[in-house]
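Q: Below are the sequence and a predicted model; questions follow.
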Amino acid sequence: MRVALMTAGSRGDVAPYTGLGHGLAAAGHRVTLVTHARFAPLAADAGIGFRPLPVDPRAELASARGQGLHRSRGGAAKFARVVAMARGLVGEMADGLLDAAQDQDVLLVSGSLGPLGHTIGAGLGRPTVGVYLQPLAATAEFGPPVLGARGYGAAGNLLAGRVVGAAVDAIFADTVRRLRTRLGLPPSRTRAARRARERQDWPVLHGFSELVVPRPRDWRPGLRVAGYWWPYCPPAGRLPCRVEEFLAAGPAPVFVGLGSATVPDPDRLSRELVAALRAAGLRGVMQRGWSDLAADGEDMLTVDELPHGLLFPRMAAVVHHAGAGTTAAALRAGVPAVPLPVQFDAGFWADRLVGLGVAPTAIPLRRLASPSLAAALRRVVDDPGYRRRAAALAAGLRAEDGVGPVLSALDGIADA
């Protein structure tokens, strides 16, 4: 089958689909990744097709509008800002998604594009399946991940989840209305269309493990947890020579990186991070990322993008922004963590790490101070329990096959 994998967002919203796409291609499907042009090399490395979408997520985060996110206090305020920011951007991607879908047999749609992908599939007569990296459906068991780690009680969690769902509907409302007219579909409000998908039990597979987030008991049957989709890494992949030399020159260092998150003052933050590592007596590997972090000195190494699957198992611990992708990579490596949640679902994943016993605490980035980070690092490195629990969890994750349920869904479509 000709399969389009449609996603939008930062690198963490794209990279897991390269592993999923590679697995589907290995099973005989023709896979095309449809996402922002800057991520074309990821598809090429995975040996799958690529169709570009407009909008550069890094440029958007660096813009005045994107920098405004740093002025928001609390998950709800940040979410309100990003809803306003996203409404215009989804309209810019609609034509690219529609063009890419024309010659496909089935559309696999990420949570960041769900309503658009489903509408395009309905208009073109193509079956669609959701492939989500986060739990987006409302549940009484936890609050909406996009608002952070906070819980509101069973009834409050459900209400908050529905409010977030309505806000997401607002992001797509104008674009979906125009698409429905263009595709000859009857008019329908975005909220009504979402409820229709729920009544029809539209299938959504989630790319995380039940060992990390157990499937909520109050989810409808079509919402399934598949297991992680790992970013593709070539079997013969190697770390650069200078990285290998640094690793060989002393004890295992600590990785520090914020992935695709941005910060208002990279120099100040870099100094705080380096001070914490040195106060804890630890070497560090600092990833520049979209925050432009940097560290100097023989005990520090600054790197650009490197495969987490190759680097993380060599670390004593991982300090990260608690994005879904980096959280998963650290768990797979069996390495303990100190999460520095930045925004949106980061607080949710950071809370999971602490609850699983693989992180001593979460330190929100906006409250970061070198003494508190140094203390957390000493705890996570000195107490072997954190590494032992991380290794046990990693063994469970490696035994799972996240691609298999997606292949089964495609087989079901082919047989229908």
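A: Great, that's in hand.
Q: Going along the chain, name the strands of the stretch 151-300 of the chain.
A: In the stretch 151-300 of the chain, the strands defined using DSSP state E, counting those that start in this stretch lie at 204-206, 223-225, 254-257, 284-287, 300-303.
Q: Mean neighbour count, those strands: which tops it?
A: strand 254-257 (a mean of 26; mean count of other C-beta atoms under 10 Å). Placement of C-beta: from N, CA and C, glycine included.
Q: re earlier: will you turn the strands of the stretch 151-300 of the chain into TSV that also has distance to Leu97 and mean pLDDT?
A: TSV is the format used below for these (distance: least, C-beta to C-beta, whole Å; pLDDT from 0 to 100):
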stretch	distance to Leu97	mean pLDDT
strand 204-206	18	98
strand 223-225	23	98
strand 254-257	30	98
strand 284-287	31	98
strand 300-303	34	98
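Q: To Arg215, which of these lies closest?
A: strand 223-225 (4.6 Å; C-beta to C-beta).
Q: what does the closest one rub up against?
A: Residues outside strand 223-225 that contact it (C-beta atoms under 8 Å, 6 or more residues apart in numbering) are 137, 203-206, 208-210, 213-215, 405.
Q: how far out from the middle of the chain is it?
A: Relative to its parent chain, strand 223-225 has a centroid offset of 17 Å by C-alpha atoms, centre = their mean, to the nearest Å.
Q: That one pairs with which strands?
A: If you go by DSSP bridges, strand 223-225 pairs up with strand 204-206 (parallel).
Q: can I get the strands of the stretch 151-300 of the chain in a markdown table with distance to Pro187?
A: Listed next are those as a markdown table, based on distance: least, C-beta to C-beta, whole Å:
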| stretch | distance to Pro187 |
| --- | --- |
| strand 204-206 | 25 |
| strand 223-225 | 27 |
| strand 254-257 | 46 |
| strand 284-287 | 47 |
| strand 300-303 | 51 |
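Q: Which secondary structure element of the chain has the lowest mean pLDDT?
A: Counting by mean pLDDT, DSSP states H and E, the weakest-scoring helix or strand in the chain turns out to be helix 64-67, with a mean of 56.
Q: of the contacts of strand 223-225, closest to Asp169?
A: Ala137 (13.4 Å).
Q: what secondary structure does that closest one sit in?
A: Here Ala137 is recorded as coil under DSSP: H, G, I helix; E, B strand; the rest coil.
Q: Can you give me every residue that contacts it?
A: Contact analysis of Ala137 by C-beta under 8 Å, 6+ apart lists 161, 204, 216, 219-220, 223.
Q: What is the nearest of those residues to Gly28?
A: Val204 (23.7 Å).
Q: hey, which helix is longest across the chain?
A: Of all segments of type helix in the chain, defined using DSSP state H, the longest is helix 153-182.
Q: what residue ranges in the stretch 1-150 of the chain are flagged as low confidence?
A: 59-82, 85 (pLDDT under 70).
Q: again, 50 this time
A: Scanning the stretch 1-150 of the chain for pLDDT under 50 picks out no residues.
Q: Where do the strands of it begin and end?
A: All strands of the stretch 1-150 of the chain, identified by DSSP E, counting those that start in this stretch, fall at 2-6, 30-36, 49-53, 106-109, 128-132.
Q: and the third one with strand 30-36, angle?
A: Inter-element angle recorded for strand 49-53 and strand 30-36: 20 degrees (by axes from the mean of the first three to the mean of the last three C-alpha atoms, to 10 degrees).
Q: List the residues that contact the residue lying closest to Gly49 once chain neighbours are set aside.
A: Once flanking residues are discounted, Gly49 sits nearest to Thr32: 3.7 Å by C-beta to C-beta, 6 or more residues apart in numbering. Applying C-beta under 8 Å, 6+ apart to Thr32 gives the contacts 2-5, 48-51, 100, 104.
Q: Taking strand 128-132 as reference, get the angle to the helix or strand harbouring Ala414.
A: For Ala414, the host element (DSSP states H and E) is helix 403-415. Interaxial angle of helix 403-415 relative to strand 128-132 (the same axes, to 10 degrees): 170 degrees.
Q: now for helix 403-415, which elements pack on it?
A: Judged by 3 or more C-beta pairs under 8 Å, 6 or more residues apart in numbering; DSSP states H and E, helix 403-415 is in contact with helix 15-26, strand 106-109, strand 128-132, strand 204-206.
Q: Contacts for stretch 289-297, please.
A: 10, 58, 61-62, 256-263, 266, 269-270, 273-274, 284, 286-288, 301-302.
Q: Report the distance from it to the chain centre.
A: Distance, stretch centre to chain centre, for stretch 289-297: 21 Å (C-alpha atoms, centre = their mean).
Q: Dump that stretch to PDB, restricted to CA.
A: Listed next in PDB are the C-alpha coordinates belonging to stretch 289-297 (Å, rounded to 0.1, in the frame of the first residue of the first chain):
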ATOM      1  CA  GLY A 289      19.800  22.300  20.000                       C
ATOM      2  CA  TRP A 290      17.400  25.100  19.100                       C
ATOM      3  CA  SER A 291      18.400  26.900  22.300                       C
ATOM      4  CA  ASP A 292      22.000  27.400  21.100                       C
ATOM      5  CA  LEU A 293      23.500  26.000  24.300                       C
ATOM      6  CA  ALA A 294      27.300  25.900  24.600                       C
ATOM      7  CA  ALA A 295      30.000  24.800  27.100                       C
ATOM      8  CA  ASP A 296      33.800  25.300  27.200                       C
ATOM      9  CA  GLY A 297      36.600  23.400  29.000                       C
END
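Q: Please point out which parts of it sit buried.
A: Residues 289-291, 293-295 are the ones in stretch 289-297 that count as buried (16 or more other C-beta atoms under 10 Å).
Q: Quick one: mean pLDDT over that stretch.
A: Stretch 289-297 carries an average pLDDT of 94.
Q: Just the buried ones among the contacts of Thr32, please.
A: 3-5, 48-51, 100, 104.
Q: Give me the nearest residue to Phe50, chain neighbours excluded.
A: Phe50 sits nearest to Ala43 (C-beta to C-beta, 6+ apart), 3.9 Å away.
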